[in-house]
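Participant: Need coordinates for the following:
(chains A, B and C)
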Amino acid sequence: MIPSAFDYRRASSVEEALSLLQSTEDAKFVAGGHSLLPLMKMRFASPGMLIDIRSIQELQSIRRDGNRVVIGALCTHRHIANDETIVQALPALAEAAGRVGDLQVRNRGTIGGNLAHADPASDLPALALLYGATIHAEGPDGPEDYPVEEFFLGPMTTALRPTQLLRSVSFPVPDRGSEVYEKFAHPASGYAVVGVAAWVATDAGGIIQDIRVALNGVGYCAYRATSVEQALFGREATEELLEKASHLATEEVEVLEDVFASENYRRHVAAVFTRRAIRRALDKATR
Amino acid sequence: MAGKALKRMVKLDVNGTCYERELEPRDLLVHVLRDELGLTGTHIGCDTSQCGACTVLVDGEAVKSCTMLAVQAEGCSVTTVEGLGKMGALHPIQEGFWEEHGLQCGFCTPGVMMAAVGLLAQYREPTEEQIREGLEGVMCRCTGYQNIVRAVANAAERIKATESAEIQAAVAHVGERS
Amino acid sequence: MATVLGQRLRRKEDPRLITGKGQYTDDVQLPGLVYASILRSPHAHARILRVDASLAREMDGVLAVYTGEDLEGKLGTIPTAWLPPDSDIRTVPHSALAVHRVRYVGDGVALVVASSRSIAEDALDVISVDYEVLPGTADQEIAMKPDAAQLHEDAPGNVAFHWQVGHAPDDVFAHAEVTVRQRIRQQRLIPNPMEPRSAVAQYNESTGDMTIWATSQNPHIHRFLLSGILGIPEHKVRIVAIDVGGGFGAKIACYPDEALVAFAARELGRPVKWTESRREHFLVTTHGRDHIEDIELAGNRDGTLVGIRVKVLANMGAYLSTAAPGVPTILFALILPGPYTIPYAAADVYGVFTNSTPTDAYRGAGRPEATYLLERMVDLFAREIGMDPVEVRRKNLIPRHQFPYHNAMGLEYDSGNYHLALDKALEMAGYEEFRREQSRLREEGKLVGIGCTTYVEICGLGPSQVAGAVGFQGGLWESSQVRVHPTGKVTVFTGSSPHGQGEETTFAQIVADRLHIPMADVEIVHGDTDRISMGWGTYGSRSTPVGGSALAVATERVVEKAKKIAAHMLEIGESDVEFDEGRFHAKGAPGRSVSFQDVTLQAYLAWNLPAGVEPALEGRAFYDPVNFTYSFGTHLALVEVDKDTGEVELKRYIAVDDCGRVLNPLIAEGQVHGGIVQGVGQALYEGAIYDEDGQLMTGTFMDYAMPKARFFPTFETAFTETPSPHNPLGVKGIGETGTIASTPTVVNAVMDALQPFGVRDIPMPLTPERVWGAMQKGGMEA
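Facilitator: Predicted structure coming up:
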């Protein structure tokens, strides 16, 4: 289980990374390598060159910028899970990052690689959707921003162009409400069979003022469950209503199926975990 | 195949020793450790980054060396089980595994110990639940994990005891001077 | 000196393993080493029309490519070494590389040898093979249908063998008040020791010596078989297996791969290494279990069990692996009545060829299958007659005073106190209290259940006479050699081949105890056919009962001779010598003594030995046990089922095992822990799935769920000690008890939790979806 031969370069700046990418036909960026290297070992992917961007300093930081938190593409899951700024401002993101893979994977895997890889069962895409993140790319024609709603196009497919580098992701910080991430993990892979990120803001009377629900693991890419959101918006989340609304979680998508979870079962678990996530978000102290 | 043409000299810092080897970019860190450097304590148990038998420390963090290219480790400090501790001066995690019978066939053990060192860097006094969660990235087919969990807890105790002894010694030392 | 037997001693083997200095096969580095890789069939059943390896042969760094045809006449076929008597077994030819036809995904097609691991893999990509795909199936029931594709000319209907045993006539079932019937499917499991299989072979052209480092549970058996396959005389073959990273049965068999590596080493005059990838392990290392069982259990309303019979379709895979035919027959059927006084028992077993990886022994081998079906049936029976399942068990357990006990299949159980283990486990669990708590929790809508298993297992595989009678093509005795050096230090050579079980420690305890010397003075040597005269290896929970007993006997022989020399040194009669606290002294005159070391030195100096006594001091034993030993016990599990998702949480697990005398509780507990997890793996997580085309759908750790640390609570374990009268140590086996008992224990607990839904059975593994589905079907609201 060794990859096919390839060339390897290390880039020390975004500019260098982009020019190396342009100079070669089938080059790919690599950082943590936890999405790409396993595919290369199986020889499902055989790029001619890897451009290692891991040492580009400017992509490694997390900073608060007004009401947004900007996370460099090279920030690891471990970094994100433990970063004080993120734990305070984006607690569900910290929670999800802390549940990616395992300890070793979190030490090495990065948010940029994770989002660019766009595995439907990956944890972070749902969080990007939940918070309404913006993906900042850099290409030969300069920077380009992708609203997250336009970023995930399908399994392992994003709007990112082959000539672009994912530079950072910025998350608007909600000014009210509370949010959580619930995950039903595959016992073997650790990936999400169903992952649900939920953010809820209520008024003093318990009426839902705003709500966002995003799922991964269920469809061909992470998605917002707008039917669930609409069913609960402006209403009090009684157990009965919550139960009913949660069943709308898979309304808008084609549901995946594998040997561990059939379409029917996955649909059911999506409803259960949607209910649990919203309930926990409601029970959590709000900002 | 262009394999040969792509070889280059790579400098690796492993267990405090600097090695220089001619490598291909595709050479995985674990293969280089084992085949080129003769550090066969790090094992390979799978091809999909699941089992954790190949776990080493890279700049102090637990990493699966089957999912890292050797060229990527250039400029980093790598620690393998051979650099952890030797007989007579074992690392607390090695003491813990020995004391609590945390290993049977021993094949997963180096990787599990390295992952546990990473775990203990994150939790000073881990609960049983934190230890079990923290071992998500390793597999053991022999022990049923029970004694591995005990071994990690044992190591945490040892580390704590050593630290408090060091603190007491330092306090005593300061006391003597005053 | 306090005896070291029974002490909680940490292990002697650990220092090398925790410092990264173990010697596993893939660790072997030799000058001029080259690497092998094997091209494997992507089809479950196909004709090979053409293999074109010309591009691969031309690649830089490729030394050779061999196809099946290249090997014809040069390499023997892979043998089957267990031929159950009174069966029509067909041992079909199994070539090391497929010739003309492949029969499962993973069947070897070509062997590449190259200067590096990378090039060996690159070369596989450029070998082109034309296949004509044939129909086939991985399912044994489909394979037995009249229109099914035939795998082997010599096995019509794809039946490898048909074997029957026991006596349980229809009228037993007709007259019984209750008969419960159930079809149970024992899923296919993949052994997955953490160390993949590996072999390194080196051939010396001048001397004709072949050395093979291999991942082996039984190096001498491999020497014997590989000698035949390679056509190299046995005394010219050396197998070395120092550290082996777990076996669980998967490293017993003789595989094509090791033979291929040795063949290439001889052809090329270079040492050759091959190590399977995990992906290869999933495809080509033998799998376990895979039975379809139709069972009937008869009994009366007072709880008495009167008869059991089962028809089994055992999936053998594409070829008959080394010990495979013995697993669903001898090791399965003879223990069918379990620990109960069931007077009638019968089994009707078909071994079936399918287009799948060959199956063979997997931890427990046959005994887990028998225990699972029996314990599930006992629960169904208890439910049918409305009796507490624990009470049914208590009523039918063989009473203590009936040992030795002959079960309905003719096995003689050596010793037991089954009720004691049951009572102890119930007390540890707080069974009565739990049942009350369960009713309360059920009212709250919680799904909690408790499961029980009482089991007995055949272990300590031996004696050889029985091995012969049941068709095992080998002996089941063990060798031991205790070499005392002039300074009184001891080297032990054992035919057991431990690979995680800790015998370097327990065996040293046996010697240190008998010779009154420190543990540090004893070194255990195993796993090298050049250093050890003979051995039958480690499997079937036999190492301590058989290998350990061999060692006890050999050590006694050392003591006997040492006594003779001591008597001579003390100038007293041999019968007046006592050996105590490491010294030989005259009875009644403790001051007049010589130390063990004084004696060992004199034994070697030989200046003044008694008449008729040879110099040196060694004890040797070739020990054949008088019979099997039978470990037993009771396991209990407490589970909670998530009503929403069907997830099963194991809340508590209690194991009371009796393996006779416990030599080292630390090690024995470790064996139990590991066994439990492996058995729960079958109950809840693991299962190989083939699709209709014979493709393995669960071929990596990404989709085959191995048990992980977070799935388990801390287990509560205890031992009762009923010594075996069959060996000098009073020991039985402990390596497989956990696996045998835990699978039915956990499944029974889940079924108990689901009782409000009226669920009878869920096929293993009890994945969340299956449990949830069963609740949906059950329909009853809890």
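Participant: contacts, neighbours, all on C-alpha from now
Facilitator: Fine.
Participant: Now do the contacts for residue A:202.
Facilitator: Contact partners of residue A:202, counting by Cα atoms under 8 Å, 6 or more residues apart in numbering or on different chains, are A:177, A:208, A:209, A:210, A:282.
Participant: Mind picking the one among these that's closest to chain B?
Facilitator: Of all the contacts of residue A:202, residue A:282 has the smallest distance to chain B: 25.8 Å, by Cα to the nearest Cα.
Participant: element containing that closest one?
Facilitator: Using DSSP states H and E, the secondary-structure element containing residue A:282 is helix A:263-283.
Participant: Likewise for residue C:509?
Facilitator: Counting by DSSP H and E, the element that carries residue C:509 is helix C:503-515.
Participant: Quickly check: the next helix or strand after that helix near chain B or not.
Facilitator: Following helix C:503-515 in sequence order, the next helix or strand is strand C:522-525 (DSSP H and E). No: contact of strand C:522-525 with chain B (Cα under 8 Å from any Cα of the partner chain) is absent, the minimum separation being 15.7 Å.
Participant: Direction included, what does strand C:522-525 pair against?
Facilitator: strand C:490-494 (parallel) (DSSP bridges).
Participant: from memory residue B:60 sits against residue B:118, does it?
Facilitator: Yes: between residue B:60 and residue B:118 a contact is recorded at 7.5 Å, counting by Cα atoms under 8 Å.
Participant: which one of those two has more residues nearby?
Facilitator: Neighbour comparison, residue B:60 and residue B:118: the larger count goes to residue B:118, with 22 against 15 (by other Cα atoms under 10 Å in any protein chain shown).
Participant: Now do the same for residue C:229: helix, strand or coil?
Facilitator: Of the three states, residue C:229 takes helix according to DSSP: H, G, I helix; E, B strand; the rest coil.
Participant: Who are the contact partners of it?
Facilitator: For residue C:229, the contact set (Cα under 8 Å, 6+ apart) comprises C:75, C:76, C:77, C:78, C:259.
Participant: can I get the residues you listed in TSV with distance to chain A and neighbour count?
Facilitator: Output for the contacts of residue C:229, formatted as TSV (distance: Cα to the nearest Cα, whole Å; neighbours: other Cα atoms under 10 Å in any protein chain shown):
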residue	distance to chain A	neighbour count
C:75	28	20
C:76	29	20
C:77	28	20
C:78	27	24
C:259	22	25
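Participant: Pick out whichever of these sits closest to residue C:639.
Facilitator: Taking Cα to Cα as the measure, residue C:78 is the one of these closest to residue C:639, at 44.8 Å.
Participant: Check the spacing between that closest one and residue C:531 real quick.
Facilitator: Distance, residue C:78 to residue C:531, using Cα to Cα, to the nearest Å: 26 Å.
Participant: Also residue C:694?
Facilitator: 44 Å.
Participant: quick one: which of the two has more around it?
Facilitator: Counted by other Cα under 10 Å, residue C:694 and residue C:531 do not tie: residue C:694 has more neighbours, with 24 against 14.
Participant: Correct me if wrong: that one contacts residue C:356.
Facilitator: Yes: if you go by Cα under 8 Å, residue C:694 and residue C:356 touch, sitting 6.6 Å apart.
Participant: Which helix or strand contains the nearest residue to residue C:715 once chain neighbours are set aside?
Facilitator: Residue nearest to residue C:715 in three dimensions, not counting chain neighbours: residue C:653, with 5.1 Å by Cα to Cα, 6 or more residues apart in numbering or on different chains. Per DSSP H and E: residue C:653 is located in strand C:648-658.
Participant: helices or strands up against that strand?
Facilitator: Applying 3 or more Cα pairs under 8 Å, 6 or more residues apart in numbering or on different chains; DSSP states H and E, one finds that strand C:648-658 makes contact with helix C:418-429, strand C:629-641, strand C:716-719, helix C:737-753.
Participant: Can you redo those as JSON lines, where the extra columns are distance to residue A:130 and mean neighbour count?
Facilitator: Listed next are the helices and strands packed on strand C:648-658 as JSON lines, based on distance: least, Cα to Cα, whole Å; neighbours: other Cα atoms under 10 Å in any protein chain shown:
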{"stretch": "helix C:418-429", "distance to residue A:130": "46", "mean neighbour count": "20"}
{"stretch": "strand C:629-641", "distance to residue A:130": "31", "mean neighbour count": "27"}
{"stretch": "strand C:716-719", "distance to residue A:130": "44", "mean neighbour count": "18"}
{"stretch": "helix C:737-753", "distance to residue A:130": "37", "mean neighbour count": "30"}
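Participant: and the contacts of residue A:202, which are buried?
Facilitator: A:177, A:208, A:209, A:210, A:282 (16 or more other Cα atoms under 10 Å in any protein chain shown).
Participant: Tell me the residues on chain C that lie near chain A, please.
Facilitator: So far as Cα under 8 Å from any Cα goes, chain C lies against chain A at C:117-118, C:121-122, C:277, C:644-645, C:685, C:697, C:701-706, C:767, C:769.
Participant: Could you pick out the buried ones from these?
Facilitator: Using 16+ other Cα under 10 Å as the threshold, C:117-118, C:121-122, C:277, C:645, C:685, C:701-706, C:767, C:769 are the buried ones among those.
Participant: what's the closest residue to chain A within the stretch 201-350 of chain C in contact with, if anything?
Facilitator: The minimum distance from the stretch 201-350 of chain C to chain A, using Cα to the nearest Cα, falls at residue C:277 (6.7 Å). Under the criterion of Cα under 8 Å, 6+ apart, the neighbours of residue C:277 are A:1, B:45, B:46, B:47, C:196.
Participant: Buried members of those into ChimeraX, please.
Facilitator: Provided next is the ChimeraX selection string for whichever of the contacts of residue C:277 are buried by 16+ other Cα under 10 Å:
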select /A:1 /B:45,46,47 /C:196
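Participant: Give me the lowest-pLDDT entry from the contacts of residue C:277.
Facilitator: By pLDDT, residue A:1 ranks lowest within those, coming in at 90.
Participant: wait, isn't that residue in contact with residue A:39?
Facilitator: No: judged on Cα under 8 Å, residue A:1 makes no contact with residue A:39 at a distance of 10.1 Å.
Participant: what about residue 145, is that helix, strand or coil?
Facilitator: Looking at chain A here, since you left the chain open. Assignment for residue A:145 (three-state DSSP): strand.
Participant: actually chain C
Facilitator: Looking at residue C:145 with three-state DSSP, the answer is coil.
Participant: check contacts around residue 103.
Facilitator: Looking at chain A here, since you left the chain open. Contacts for residue A:103 (Cα under 8 Å, 6+ apart) come out as A:78, B:62, B:115, B:118, B:119, B:134, B:135, B:136, B:137.
Participant: if you could check chain B rather than the one you did, that'd help
Facilitator: Residue B:103 sits in contact with B:97, B:109, B:142, B:143, B:147, B:148, C:14, C:500, where contact means Cα under 8 Å, 6+ apart.
Participant: Give the burial count for whatever residue of the stretch 351-500 of chain C ends up closest to chain B, as a bare number.
Facilitator: For the stretch 351-500 of chain C and chain B, the shortest gap (Cα to the nearest Cα) falls at residue C:500, measuring 3.5 Å. By other Cα under 10 Å, 22 other residues sit near residue C:500.
Participant: wait, isn't it in contact with residue C:245?
Facilitator: Yes: using Cα under 8 Å, residue C:500 is in contact with residue C:245, at 7.1 Å.
Participant: intersection of neighbour lists for those two?
Facilitator: With contacts defined as Cα under 8 Å, 6+ apart, the residues shared by residue C:500 and residue C:245 are B:105, B:106.
Participant: Now the phi/psi pair for the closest residue to residue C:46 other than its chain neighbours, please.
Facilitator: Leaving out its chain neighbours, the residue that sits closest to residue C:46 by Cα to Cα, 6+ apart is residue C:133, at 4.2 Å. When read as degrees, to the nearest 10, the backbone of residue C:133 gives phi -70, psi 130.
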